[in-house]
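Colleague: Would you be able to build a 3D model of this:
(2 chains)
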Amino acid sequence: MRHAPAFPTDSLMTHATPAGLPFLGFGLGLRPPHYHAILDTRPAVDWFEILSENYLVPGGKPLHFLDRIRADYPMAMHGVSLSIGSTDDLDFDYLRDLKALAERVEPAWISDHLCWTGVHGGNTHDLLPLPYTEETARHVAARVSVVQEFLGRRILLENVSSYASYADSSLSEWEFITLVSELADCLLLLDVNNIYVSAFNHGFDARAFIDGVPAHRVQQIHLAGHHNHGDYIIDTHDAPIIDPVWELYDYALARLGPVSSMIERDDHIPELAELVDELAIARRLAAPYLAQERAA
Amino acid sequence: MTASRLRGVQESLHTYLLGEGDASAVRDAIVDDARVGAERRLKIYHDAYRLRLIEALSKAYPNLFRLLGDALFERMARSYIAAHPSGYRNLRWYGGELAEHLAAALPQHPIAGELARFEWTLALAFDSTDAPVLGGADLAAVPPEDWGRLRFALHPSARVLDMKLNTVAVWKALDEDRAPPPIEETASAWLIWRKELNPHYRSLDPGERASLTLIANGACFAEVCEALNGDEAESDAAARAAGFLAAWLGDGLLSRL
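Modeller: Reported below is the predicted structural model:
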């Protein structure tokens, strides 16, 4: 089948990121309620991020629409069940399926979360945080290296929203992320909303987090909405992005320069046009940094 | 923090998440604080685990959800979740044993299990393996005298379900947001498959059900005619078999000669 190039080829997108992967521009999560609208209206979305697991099925509609939309848009693959931090063995059946899907999609990159999802073969279907210690970082990094070797490419790891932290932790989350990414030579997916949520839940400074990660490894940014319960915040992806998260996004771009960005919406999914409008906010905030980059 | 300590923390947290809420084995591993507290922080994860799986089940079984209503569906989902921890990488596969669970948990409402089985089978047809579909032209290329030797492969999405109740009528009413008919005992067989991109279903009479089973087991077309022969005059059997074949081709049910 014919694919769109793995990255946009228009002049806006010519700069290579420090990590050497393409700058994709501004994207959305690909969600089934939008399949027809995407094909019918060809929205001004630079790229789509797919949830890899949604397409790890034998056939039918999901793969049909995946192929059709991929023919017109660059894509990245984003997984939720790599469980890179688990103390279970890596699941090579899953990795084989993921690799086969990557051969079909030819994604610009593959990402998952810096977390664990279960032990003893079980899956909580949650992105559980890890204790932030040097030993844990070494454990995770060794596994990332195996995964990268298997997939034949560097992967991106995303910081998760968390609601609890461990008494064993001796590093900050950003120190931990930095250590894992340097030990494994992997890339990072910075979820600005997750930074905001975790900063609120654990009482750390969100800007210190952004200042603390290795800028040259940040390949992608996630944006999303959340639910504030008063004394804690739950990452729900069911609402528009709030202004303080946009401010944090702006702060991140000021440090990192323009980074491929996308909006995740997984519940109360609105019309596609509403998300395209929300994405325009990201474009507007990033415009000065893109202009700076072009001037340089 | 040693590797075995990390393993221990993960095991105790996972056990807590699957269990009934006793946090005593894991609480000390979690940082306590005055604002939220370790127990409430753990409970966020404990609740989220169940809510996520309940939601997955309600999406996989939308008409079962309508049939049982919020409260009974949630009770059934919670008992299923307690009995069936997920080992799936993809949440899409979670819930495949719900029909059996309902048969045991709601013996007074056998409709629940049958409806769950029907709904799950529709979902299997939705994203089952893709395969080519035979059309009339493919068959026209074969001289009629050779038809007897033909062996067909059913489309991978095709499944036959036997029902004891008027489950499909109930499912259809729920799906169309109408009041379901009274539940009746009535034995019937149903074919479920994917045509183009969407799941389809239709009833099967005993002769067609038997013929499809033979095809699925690799019988050639002559054997299908022969089996029908036992029931009726030979010429009627040949005509019925030819009628089935035309219907299967029209339904996109055959994927290979």
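
Colleague: Which residues belonging to the host helix or strand of B:Val224 are considered buried?
Modeller: B:Val224 is part of helix B:221-229 when elements are defined by DSSP states H and E. Judged by neighbour count using 16 or more other Cβ atoms under 10 Å in any protein chain shown, the buried positions of helix B:221-229 are B:221, B:223-229. To be clear about C-beta, it is placed using only N, CA and C from the backbone, and glycine gets the same treatment.

Colleague: now A:Thr136: how far from B:Arg5?
Modeller: Using Cβ to Cβ, to the nearest Å, A:Thr136 is found at 10 Å from B:Arg5.

Colleague: the more surrounded of these two?
Modeller: A:Thr136 (27 against 15; other Cβ atoms under 10 Å in any protein chain shown).

Colleague: tell me what the helix holding B:Val224 is packed against?
Modeller: helix B:206-216, helix B:234-251 (3 or more Cβ pairs under 8 Å, 6 or more residues apart in numbering or on different chains; DSSP states H and E).

Colleague: Save the buried residues of helix B:221-229 as CSV, and put in distance to A:Ala252 and pLDDT too.
Modeller: What follows is those, written out as CSV (distance: Cβ to Cβ, whole Å; pLDDT from 0 to 100):
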residue, distance to A:Ala252, pLDDT
B:Phe221, 66, 92
B:Glu223, 68, 93
B:Val224, 66, 93
B:Cys225, 71, 91
B:Glu226, 73, 91
B:Ala227, 69, 92
B:Leu228, 71, 90
B:Asn229, 75, 86
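
Colleague: starting at the chain centroid, how far to stretch B:58-73?
Modeller: Stretch B:58-73 sits 15 Å away from the centroid of its parent chain (Cα atoms, centre = their mean, to the nearest Å).

Colleague: where are the low-confidence patches of the chain?
Modeller: No chain specified, so I'll use chain A. Across chain A, the ranges flagged by pLDDT under 70 are A:1-20.

Colleague: Wait, chain B was what I had in mind.
Modeller: Chain B contains residues with pLDDT under 70 at B:232-234.

Colleague: Please list the residues outside the longest strand seen in it that contact it.
Modeller: Secondary structure of chain B per DSSP state E: the longest strand is strand B:185-195. By Cβ atoms under 8 Å, 6 or more residues apart in numbering or on different chains, the surrounding residues in contact with strand B:185-195 are A:60, B:118, B:121-122, B:125-126, B:128, B:154-155, B:157-166, B:168, B:199-206, B:209, B:212, B:251-253.

Colleague: Please check the residues you listed and keep the buried ones.
Modeller: A:60, B:118, B:121-122, B:125-126, B:128, B:154-155, B:157-161, B:163, B:165-166, B:168, B:199-201, B:204, B:209, B:212, B:251-253.

Colleague: Quickly check: stretch B:126-137 near chain A or not.
Modeller: Yes. Using Cβ under 8 Å from any Cβ of the partner chain, stretch B:126-137 reaches chain A at B:126-131.

Colleague: re earlier: quick check: which of the helices and strands packed on helix B:221-229 is buried the most?
Modeller: helix B:206-216 (a mean of 18; mean count of other Cβ atoms under 10 Å in any protein chain shown).

Colleague: and the angle for it with helix B:234-251?
Modeller: 70 degrees (axes from the mean of the first three to the mean of the last three Cα atoms, to 10 degrees).

Colleague: Just give me how far helix B:206-216 sits from the chain centre.
Modeller: Worked out by Cα atoms, centre = their mean, helix B:206-216 lies 20 Å from the chain centre.

Colleague: just stretch A:105-122 next, same as before
Modeller: Worked out by Cα atoms, centre = their mean, stretch A:105-122 lies 11 Å from the chain centre.

Colleague: wait, which of the buried residues of helix B:221-229 is closest to B:Ala48?
Modeller: B:Val224 (52.5 Å; Cβ to Cβ).
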